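> pasting a predicted model and its sequence here:
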Amino acid sequence: MDRRLHYGNTAKILHWSVAVLLLVQFPIGWFMPDIHAGPPGAAMSLHVSFGILILAVVAVRLIWRITHPVAPESSLPGWQRVSSEAVHWLLYALVLGTTLTGWLFASFRGWSLSLFSIVPLPMLASKSASDLKLMEGWHQVAEWALLVVIVLHISAALLHIFVYRDGVMRLMLIDEHQRP
């Protein structure tokens, strides 16, 4: 397996696609009307659709990352290499957990869902009032944990740009053929 010292364009496109989708998804989730009042409205349908799209892109990104690993930047101290790797895997886990708990939440509500009102989505579970409350709690915990880890990830990137000035961010920003 080739362990390169840079991310390829596919990894960069998948990374920034997830970032943009999450940037759209979080406000939809927080500002949509009360989700407890009956069947899902347009905002909830959009929220679910973006969640499924995020799930699909992250699944592809995870497969890509496993099959195209990137060696940690050798100039970083050991603790930064280890924490960077841990945060990346935690991001994968939290995005997957957040999207799956949201889909389960909708299934426990008994909602018929579709991807952008075009492709019907399967129910992951049967309607269940008791499981609904549990899943709603797990979804909220996962979304807040994801937000905290995203802020940590962005903060580390900004530290590398403005404090360390070590060029680590170039790995995700510059075309691989332009890198020295």
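Arrived safely. Numbering: from 1, shown residues only.
> how about the strands in the protein?
Remark: strands assigned in the chain by DSSP state E are 113-115, 119-121.
> identify each buried residue in the last one, please.
I take that to be strand 119-121. Of all the residues in strand 119-121, those buried under the rule 16 or more other Cβ atoms under 10 Å are Leu121. C-beta coordinates here come from the backbone N, C-alpha and C atoms, glycine included.
> contacts only, for the residue nearest in space to the middle of the chain.
Taking Cα atoms, centre = their mean as the criterion, Val95 is the residue nearest the geometric centre of the chain, at 3.7 Å. The contact partners of Val95, taken as Cβ atoms under 8 Å, 6 or more residues apart in numbering, are Val18, Leu22, Ile54, Leu55, Val58, Leu146.
> make a markdown table out of the residues you listed and add neighbour count, pLDDT and distance to Ser117.
Output for these, formatted as a markdown table (neighbours: other Cβ atoms under 10 Å; pLDDT from 0 to 100; distance: Cβ to Cβ, whole Å):
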| residue | neighbour count | pLDDT | distance to Ser117 |
| --- | --- | --- | --- |
| Val18 | 20 | 97 | 23 |
| Leu22 | 19 | 97 | 22 |
| Ile54 | 21 | 97 | 18 |
| Leu55 | 18 | 97 | 18 |
| Val58 | 23 | 97 | 22 |
| Leu146 | 21 | 98 | 26 |
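> and which of those is nearest to Pro120?
Relative to Pro120, the closest of those is Leu55; by Cβ to Cβ it sits at 15.8 Å.
> now do the residue lying closest to that closest one once chain neighbours are set aside, the pLDDT please.
Among residues not flanking Leu55 along the chain, Thr99 sits closest, at 4.1 Å (Cβ to Cβ, 6 or more residues apart in numbering). For Thr99, the model assigns a pLDDT of 97.
> wait, Thr99 sits on Leu53?
No - applying Cβ atoms under 8 Å as the test, Thr99 and Leu53 come out as separate, 9.3 Å apart.
> for the strands of the chain, which has the smallest mean pLDDT value?
strand 113-115 (a mean of 92).
> mind listing what's buried in that strand?
Buried, per 16+ other Cβ under 10 Å, within strand 113-115: Leu113, Leu115.
> can you check stretch 11-26 too?
Per 16+ other Cβ under 10 Å, stretch 11-26 contains these buried residues: Ala11, Lys12, Leu14, His15, Ser17, Val18, Leu21, Leu22, Gln25, Phe26.
> equivalent analysis for stretch 94-113, please.
Within stretch 94-113, the residues that count as buried by 16+ other Cβ under 10 Å are 94-109, 111, 113.
> so where's this protein uncertain?
Applying pLDDT under 70 to the chain picks out residues 1-5, 33-38, 174-180.
> any idea how far the nearest residue to His160 once chain neighbours are set aside is from Val57?
Closest residue to His160 apart from its sequence neighbours, by Cβ to Cβ, 6+ apart: Val168 at 4.2 Å. Separation of Val168 from Val57 (Cβ to Cβ, to the nearest Å): 24 Å.
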